[in-house]
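K.L.:
Here is a sequence with its predicted model. Questions after.
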Amino acid sequence: MIRLALTLALTLPSLSQAAAKEPPKLSLYGALPMVEDVQISPDGSKLAVITTDGEKRFLTIRKTEGGGLAGISVGDNKLRSASWAGEDHVILVSSVATQGLQLAGPKREYFTVVDFNIVSGVQKPLMEAAPEALTMILGQPQIRTIKGDPHVFLEGARFLRGAAANTLFRFNLRTGTIRMLEHGARYSSDSWLVDAEGQPLAQSTYDHTTGRWSLLMKAGSTWRTVDTALAPMGSHGVSGLGRDGTSAVVWRRGEDVALKEYRADGASEMLVEDSDLKGLLHDPETQRLIGSYGMRGDDIVYAFNKTTDQAFWRAALKAFPDDRVTLQSWTKDRKRLVVKVDSPTKGPAFAIVDFDTKQSWTLGPIYKNLTADAISPVRAISYKAADGLAINAYLTLPRTRAPRNLPLIVLPHAGPEGRDTLGYDWWSQALASRGYAVLRANFRGSDGLGVDFLAAGFGQWGKTMQTDLSDGVRHLADQGLIDRNRVCIMGASYGGYAALAGAALDTGVYRCAVSVGGPTDLNLVVQSVLKPEAVCVAEGPGSGARSAVGDCRLRGAGPLNIRRLLVTNADGRDLRTSTSPRYWLRFMGFDGSRTPDLDAISPAKLADKVSVPVLLIHGTDDTIVPYAHSQIMADALKRAGKPVDLIPLDGEDHWLSRGATRLKMLTEAVAFVEKHNPPD
């Protein structure tokens with residue numbers, strides 16, 4: 001239970017001097033960020049700040065110019081987000097991995113919502129009072145101000161005649177009243193959207209048997225289907241209000257990428273097509289669509305619908321000319337912004353931009369005691385894959401060594417449709433501090449590099465997606481930057497799979513491999529998507545950063561979709577991304593016309609081909625890639641007489657959300673590569 005704590009103020013730590021000769025402690029990199037998020041209040045006078053101290057997380061309410069107002073400790077709860085609802089309420093979303101929250105079944109990640117009244121100090125779990133409903137939520141909270149009162153709209157699982165239906169509830173935070181607005185069909189309702197007045201506007205449904213998605217919109221008291229399409233890679237959902245507040249937008253991600261706007265009368269308009277869209281921008285007060293953002297090369301580019309908004313954003317960028325700037329939150333008049341500023345020499349920090357006073361100031365660093373002498377330089381590189389495809393990547397070089405004949409760690413991202421960027425990466429920086437060069441390649445199938453590049457990864461899981469990595473090794477060796485005989489590979493989630501595939505499929509390149517929460521038997525992954533109950537019985541001692549695969553984030557992926565799993569445990573859309581496990585099947589080679597040979601690309605089926613030491617690290621609370629995957633791999637390697645170590649992370653999830661186990665992972669991984677691929 002969240003408990004009230006003494007008033008907390010965000011205090012900035014004094015910066016320590018790194019030792020001249022000894023490398024920085026791994027805790028400098030492996031500890032949780034000191035500040036995880038900053039959200040500014042609608043009027044700009046207050047900040048809601050999520051901070052950490054060891055294993056504990058805190059929410060601090062402070063004045064924007066400084067000075068604490070209120071605070072609570074959430075203990076070791078995994079606080080995922082904090083959002084303002086009016087000036088006096090903060091909506092907190094937390095999650096917990098458990099073997100059934102009011103339900104029997106496999107261990108899953110469940111999300112709950114608490115309303116924190118910063119004036120009274122009262123914390124109210126919202127879904128506990130919802131009639132005939134479970135206490136978890138099925139989608140992101142929608143916040144609206146209606147006639148001056150803050151309201152929160154939540155999707156919950158309400159039981160109708162013995163079956164759970166995705167139901168939309170309205171909570172008036174001032175009066176405390178609750179009202180059920182709509183409930184969907186038993187198995188198909190996917191998500192809801194309310195308009196600025198809090199009226200249900202749109203509903204997304206998905207038939208998991210046929211793979212058909214539909215969008216329904218409400219005109220008066222009648223729901224009308226305005227679009228329907230086959231979506232074999234998962235539901236398109238509904239992405240928010242359109243430009244005038246009466247329309248809805250849907251961001252489709254699949255074989256193509258498109259943003260389409262729909263009206264209740266059935267009219268529609270394509271807004272963006274064939275784009276590297278990364279996210280949408282909605283007005284913080286009206287929730288109308290006002291722009292979008294995406295990757296262009298190495299940069300995040302924000303595109304606003306109005307030239308005045310674009311001019312404001314350009315002014316914000318000018319305040320930090322040498323840094324990578326991303327928008328975190330803004331006031332209802334958009335005159336004050338909270339931005340994340342990623343400096344190549346100082347690391348990441350949160351900052352305020354005030355357009356009225358034409359001033360900006362830094363709130364403080366994100367990582368405690370991180371100084372310039374603990375950050376290694378990162379350069380963007382490119383090279384050609386064996387088939388001629390251009391691959392972009394990032395090379396981190398140890399600051400204490402000349403860039404010649406260096407030992408290398410290949411660190412593939414997860415997803416697999418995630419991507420790496422130039423921003424601060426704690427994992428690669430930790431490895432570089434030990435004397436390793438680190439390669440983070442955006443192999444084919446990575447996001448944000450064009451639709452064609454993404455589609456080039458379909459069917460290439462364990463194939464050219466894998467050799468894109470070793471092609472990077474050969475490129476760096478040819479340049480004399482690294483020693484081709486001193487290379488290891490490690491990663492988490494899909495990156496963990498790639499590490500094991502490097503040892504089993506792309507042999508002769510790596511001296512060792514480290515997998516953190518990686519899938520090892522792709523047949524189990526497919527079962528978890530199409531028939532997950534067959535997997536959950538055999539989870540072993542536990543149940544699944546670099547952001548994901550399977551059912552039973554780190555970087556670039558997210559947790560399971562409770563709304564479907566509550567009923568059949570068969571989907572995978574979630575509260576944090578729009579990715580579906582069905583999407584991953586496309587990378588494995590499922591295209592509707594053939595079934596790929598998954599044994600041929602499953603490391604657990606190829607243990608006899610492994611000739612290098614392997615380290616497996618896995619959270620026992622992983623609900624995305626169950627712990628069983630690493631246990632299966634360890635057993636297969638032992639039967640084959642191959643060297644392997646398996647380290648469970650007790651109580652850890654797929655995203656390394658806990659400080660002690662995240663640091664343990666990093667410590668064990670570094671010790672392993674230092675033993676089998678010494679930096680000296």
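P.N.:
Everything's here; your move.
K.L.:
buried residues in the helix or strand containing residue 528?
P.N.:
Secondary structure assignment for residue 528, by DSSP states H and E: helix 522-530. Under the neighbour-count criterion of 16 or more other Cβ atoms under 10 Å, helix 522-530 has 522, 524, 525, 526, 527, 528, 529 buried. Bear in mind the C-beta positions are built from the backbone N, C-alpha and C, glycine included.
K.L.:
elements contacting it?
P.N.:
If you count contacts as 3 or more Cβ pairs under 8 Å, 6 or more residues apart in numbering; DSSP states H and E, helix 522-530 packs onto helix 533-536, helix 581-588, helix 628-639.
K.L.:
can you do 7 Å?
P.N.:
Applying 3 or more Cβ pairs under 7 Å, 6 or more residues apart in numbering; DSSP states H and E, one finds that helix 522-530 contacts helix 533-536, helix 581-588.
K.L.:
Compute the inter-axis angle for that helix and helix 628-639.
P.N.:
Calculated by axes from the mean of the first three to the mean of the last three Cα atoms, to 10 degrees, helix 522-530 forms an angle of 160 degrees with helix 628-639.
K.L.:
mind exporting helix 522-530 as PDB, just the C-alpha atoms?
P.N.:
The C-alpha trace of helix 522-530 is given here as PDB (Å, rounded to 0.1, in the frame of the first residue of the first chain):
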ATOM      1  CA  LEU A 522      10.600 -19.400 -30.600                       C
ATOM      2  CA  ASN A 523       7.900 -22.200 -30.700                       C
ATOM      3  CA  LEU A 524       7.100 -21.100 -27.100                       C
ATOM      4  CA  VAL A 525       6.900 -17.500 -28.200                       C
ATOM      5  CA  VAL A 526       4.400 -18.400 -30.900                       C
ATOM      6  CA  GLN A 527       2.400 -20.500 -28.500                       C
ATOM      7  CA  SER A 528       2.300 -17.600 -26.100                       C
ATOM      8  CA  VAL A 529       0.700 -15.400 -28.800                       C
ATOM      9  CA  LEU A 530      -1.700 -17.900 -30.300                       C
END
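K.L.:
how far out from the middle of the chain is that helix?
P.N.:
Centre-to-centre, helix 522-530 and its host chain are 21 Å apart (Cα atoms, centre = their mean, to the nearest Å).
K.L.:
Just the mean pLDDT for that helix, thanks.
P.N.:
Average pLDDT, helix 522-530: 82.
K.L.:
got it, and stretch 331-348?
P.N.:
For stretch 331-348, mean pLDDT is 94.
K.L.:
again, but for stretch 586-605
P.N.:
Averaging pLDDT along stretch 586-605 gives 86.
K.L.:
Would you pull up how far it lies from the middle of the chain?
P.N.:
What separates the centre of stretch 586-605 from the centre of its chain is 25 Å, taken as Cα atoms, centre = their mean.
K.L.:
Now do the end-to-end distance for that stretch.
P.N.:
21 Å (Cα to Cα, to the nearest Å).
K.L.:
what residues does that stretch touch?
P.N.:
Outside stretch 586-605, the residues within contact range by Cβ atoms under 7 Å, 6 or more residues apart in numbering are 232-233, 416, 445, 457-462, 500-501, 504-505, 520-523, 526, 632-633, 636.
K.L.:
Show me which residues of it are buried.
P.N.:
By 16+ other Cβ under 10 Å, the buried positions in stretch 586-605 come out as 586, 587, 588, 589, 590, 596, 598, 601, 602, 603, 604, 605.
K.L.:
again, but for stretch 170-183
P.N.:
In stretch 170-183, counting by 16+ other Cβ under 10 Å, buried: 170, 171, 172, 173, 178, 182, 183.
K.L.:
The helix or strand containing residue 113 - what's its average pLDDT?
P.N.:
Assigned by DSSP H and E, residue 113 belongs to strand 108-117. What strand 108-117 shows for mean pLDDT is 92.
K.L.:
Could you do stretch 398-418 as well?
P.N.:
Across stretch 398-418, pLDDT averages out at 94.
K.L.:
can you check stretch 630-647 too?
P.N.:
98.
K.L.:
got the CA positions of the helix or strand harbouring residue 337 in PDB?
P.N.:
In this structure, residue 337 sits in strand 336-343 according to DSSP H and E. Extracted in PDB, the C-alpha atoms of strand 336-343 (Å, rounded to 0.1, in the frame of the first residue of the first chain):
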ATOM      1  CA  ARG A 336       6.100  26.600 -20.100                       C
ATOM      2  CA  LEU A 337       7.700  23.300 -21.100                       C
ATOM      3  CA  VAL A 338       9.600  20.500 -19.300                       C
ATOM      4  CA  VAL A 339      12.200  19.100 -21.600                       C
ATOM      5  CA  LYS A 340      14.700  16.300 -21.300                       C
ATOM      6  CA  VAL A 341      18.100  17.600 -22.400                       C
ATOM      7  CA  ASP A 342      20.700  15.000 -23.300                       C
ATOM      8  CA  SER A 343      24.200  16.400 -23.400                       C
END
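K.L.:
buried residues in that strand?
P.N.:
Those would be 336, 337, 338, 339, 340, 341, 342, 343, for strand 336-343 by 16+ other Cβ under 10 Å.
K.L.:
Next up, the contacts around the residue lying closest to the first one once chain neighbours are set aside.
P.N.:
Spelled out, it's residue 336. Take residue 336 and drop its neighbours on the chain: the residue closest to it by Cβ to Cβ, 6 or more residues apart in numbering is residue 44, 4.1 Å away. Contacts for residue 44 (Cβ under 7 Å, 6+ apart) come out as 64, 331, 335, 336.
K.L.:
Greatest separation within those: which pair is it?
P.N.:
The two members of the contacts of residue 44 with the most space between them (Cβ to Cβ) are 64 and 335, at 11.9 Å.
K.L.:
Between those two, tell me which one has more neighbours.
P.N.:
residue 64 (19 against 14; other Cβ atoms under 10 Å).
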